[in-house]
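Engineer: Sequence and predicted structure, then a few things I'm wondering about:
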Amino acid sequence: MNDGIDRRGVLGLGAGTAIAAAMPAQAARRAPFLWGAATAGHQVEGNNVNADIWLLEQVTPTVFAEPSGDACDSLNRWREDVAIVKALGLNCYRFSVEWSRIEPSPGQFSQAYLDHYTRIVDHCRSLGLAPVVTFNHFTCPRWFAAAGGWENKDAPDLFARYCDRVARAMGAGISHALTFNEPNLALGGSWAAKPPPQAFFDKMAASVAAAAKASGSNRFSLLNGGDPVPMIPGVTASHVKAREAIRSARGDLPIGMSLAIPDNVAVGSDSGIERKRAEIYGPFFDVMDKDDFVGVQTYGQAYVGRDRDVEAPASAPRGADGKEWFPAAIGNVLRYVHKATGKPVLVTENGLDASDDATRQRFIPEAVASVQAAMRDGVPVLGYIHWSLLDNFEWFSGYGPKFGLVAVDRRSFKRTPKPSAHVLGRIAKAGGVR
């Protein structure tokens, strides 16, 4: 952890018979329920030197607890990761492609890296795993940030051009495509119950200025490194253009985007819950009308007061570690998102930071049970993908948080599945929680 600020708080500035029975008949016929685990390129690959976040890790001052470095060396060891997913009995692997590797300089595309990610897609398919691919998981090329990032008027065209290259290289094998990972997360920071201290924001501003100078630019703009409000129109326009580009390459590929959505609970008669929803999710829901599904990423509840979130009440259930305990949050969010959009939903992330894996072993069955309950209520849920497959680089907090189903030795990179990984695997093989 870094300065006591948690990962999400900082950034927030074959189908089993049980599940098949809970799914609407049409959806059950259409595709098997996805049981999976997720990773993200920058967090596991290592040495993503052309990425904007990499540069922010290196400059002085930096808000990062430590640099990502080799991460989990998944750039070289991805076959081990895929093999673990398969061995656990899951049928889906969510991962991201790195724009900064594929287009390290404007207009210069790396065929070698397009081939690299295509091999991952093809290998997953050969093992019977559905590849759920995220086209942008927070990181962008350094040149893109130095040119204004999502505030650049050309951002939608640049992102669509990149997505077109990726879709034409590997789109035939992708199961589901996500244009963006949680682009609304930074907006949520304005509602945080305990925002970071002003010193954090001052340090972030100094870090971004140092990155701009290192880039030979007067700006260095990235979604999780500044005021997100002026960036959102560029992101939403980029989603629309990217969706068009991906569909032009493969018209039947299911496309969506994931959003960070806690289980919001109104506190008081003057709760601003509807205003919060309109501000933090509304701009994205508005451009998802032609999407095939909504990706949902939930890590707990948020108690919404009049103008911001408030602390959890003393009566809120807590785990042995003192943290709030509410695995059923994911089911409530699925109900809300489907009602708000009318779309099928895919759990693209759900999990918790727990150094004691016994906590995760208890969490997973309860979370999955809440997903099944939502499905029995008629919510069309496409799958449950746990975050994360590996203990990895958790952004500003470095390698302290432990979200993984699999432990990774920081020196040898040896992967060791935790008991919780087998809990999820058994549930997947059984088709759900009985």
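Structural biologist: Here it is on my side, so go on. Numbers count the residues shown, from 1 in each chain.
Engineer: Residue 362 versus residue 318, what's the distance?
Structural biologist: Per C-beta to C-beta, to the nearest Å, residue 318 is found 13 Å from residue 362. Every C-beta, even on glycine, is put in place using the N, C-alpha and C of the backbone.
Engineer: So the two - more neighbours on which side?
Structural biologist: residue 362 (17 against 13; other C-beta atoms under 10 Å).
Engineer: And that one, its phi and psi?
Structural biologist: phi -80, psi -40 (degrees, to the nearest 10).
Engineer: any idea of the pLDDT on it?
Structural biologist: We have a pLDDT of 97 for residue 362.
Engineer: Repeat that for residue 323.
Structural biologist: 84.
Engineer: contacting residues for it?
Structural biologist: residue 352 (C-beta atoms under 8 Å, 6 or more residues apart in numbering).
Engineer: swap in the one 3 residues further on?
Structural biologist: Under the criterion of C-beta under 8 Å, 6+ apart, the neighbours of residue 326 are 263, 300-301, 316-317.
Engineer: Quick one: the helices in the stretch 251-400 of the chain, in order.
Structural biologist: Taking DSSP state H, counting those that start in this stretch as the criterion, the stretch 251-400 of the chain carries its helices at 273-280, 282-285, 329-341, 357-376.
Engineer: For the shortest one, name the packing helices and strands.
Structural biologist: Judged by 3 or more C-beta pairs under 8 Å, 6 or more residues apart in numbering; DSSP states H and E, helix 282-285 is in contact with helix 232-249.
Engineer: Just the residues contacting the helix it packs on, thanks.
Structural biologist: Counting by C-beta under 8 Å, 6+ apart, 135, 149-152, 155-157, 159-161, 163-164, 167-168, 171, 177, 179-180, 183-184, 187, 223, 253, 255, 257, 283-284, 286-288, 290-291 sit against helix 232-249.
Engineer: before we move on, back to that, nearest to residue 123 among the helices of the stretch 251-400 of the chain would be which one?
Structural biologist: helix 357-376 (26.0 Å; C-beta to C-beta).
Engineer: what's the residue closest to the geometric middle of the chain?
Structural biologist: By C-alpha atoms, centre = their mean, the mean C-alpha position of the chain lies nearest to residue 181, the distance being 4.6 Å.
Engineer: ok, it to residue 90 distance?
Structural biologist: 20 Å.
Engineer: Give the burial count for residue 63, as a bare number.
Structural biologist: The burial count for residue 63: 22, using other C-beta under 10 Å.
Engineer: Report whether the expected contact of it with residue 202 is present.
Structural biologist: No: with contact defined as C-beta atoms under 8 Å, residue 63 and residue 202 do not form a contacting pair (10.0 Å).
Engineer: What about the chain, which residue is the most distant from its middle?
Structural biologist: residue 269 (32.8 Å).
Engineer: now the helices of the stretch 251-400 of the chain as CSV including distance to residue 397?
Structural biologist: Listed next are those as CSV, based on distance: least, C-beta to C-beta, whole Å:
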stretch, distance to residue 397
helix 273-280, 22
helix 282-285, 25
helix 329-341, 21
helix 357-376, 18
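Engineer: Nearest to residue 102, out of those?
Structural biologist: helix 282-285 (24.3 Å).
Engineer: gap between the closest one and the chain center?
Structural biologist: Relative to its parent chain, helix 282-285 has a centroid offset of 17 Å by C-alpha atoms, centre = their mean, to the nearest Å.
Engineer: Spatially nearest residue to residue 215, not counting backbone neighbours?
Structural biologist: Distances taken as C-beta to C-beta, 6 or more residues apart in numbering put residue 146 closest to residue 215, at 3.9 Å, once the chain neighbours are dropped.
Engineer: Show the contacting residues for that neighbour.
Structural biologist: Residue 146 makes contacts with 212, 215-217, 219-220, as judged by C-beta under 8 Å, 6+ apart.
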